[in-house]
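Undergrad: Task: produce atomic coordinates for the following.
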Amino acid sequence: MDYKKITNITFDGIDHSDHPDYCDAYIVSADYDGEPMTSEMLEELNEDSSFVYDKLMEDRKSTRLNSSHIPLSRMP
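TA: All right, here's what the predicted structure looks like:
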């Protein structure tokens, strides 16, 4: 499986009391090359716990950065 073709990842099983390990988190849906992944593909993907963890951390960082961004106003 070419991991570079995986997009639109959605997670479940995130337990914030388990930070920073998130060992129960798993991917419930994703697209592969623009098409929804099958259950079999998701199962194979979830077997790679390093990939799941890395993508979860990317997602959390992106969400945190986007939600905390405050636009700066400039005085003329």
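
Undergrad: Find the nearest non-adjacent residue to K5, please.
TA: Take K5 and drop its neighbours on the chain: the residue closest to it by C-beta to C-beta, 6 or more residues apart in numbering is D33, 4.4 Å away. All C-beta spots, glycine's among them, are computed from the backbone N, C-alpha and C.

Undergrad: For the one you found, grab the count of nearby residues.
TA: Residue neighbour count, defined by other C-beta atoms under 10 Å, stands at 10 for D33.

Undergrad: do the same with D54
TA: For D54, the neighbour count with other C-beta under 10 Å is 12.

Undergrad: Report pLDDT for it.
TA: Note on D54: pLDDT of 89.

Undergrad: Roughly how far does it sit from I9?
TA: From D54 over to I9 the distance is 11 Å, taken as C-beta to C-beta, to the nearest Å.

Undergrad: Just the buried residues of the helix or strand hosting E44, please?
TA: Assessed by DSSP states H and E, E44 sits inside helix 39-46. Residues M41, L42, L45 are the ones in helix 39-46 that count as buried (16 or more other C-beta atoms under 10 Å).

Undergrad: and what of stretch 46-60?
TA: Neighbour-count burial for stretch 46-60 flags F51, V52, K55, L56, R60 (criterion: 16+ other C-beta under 10 Å).

Undergrad: Secondary structure class of the fourth one, three-state.
TA: The local conformation at L56, judged by DSSP: H, G, I helix; E, B strand; the rest coil, is helix.

Undergrad: Can you pull the phi/psi pair for the residue nearest to K5?
TA: Backbone torsions of D33, given as degrees, to the nearest 10, read phi 60, psi 40.

Undergrad: Show the model's pLDDT score for it.
TA: For D33, pLDDT reads 97.

Undergrad: Over to R60?
TA: For R60, the predicted pLDDT is 60.

Undergrad: do the same with the one 5 residues further on
TA: Confidence per residue is given as pLDDT, and for L65 that number is 35.

Undergrad: now swap in Y26 and tell me
TA: With respect to pLDDT, Y26 scores 86.
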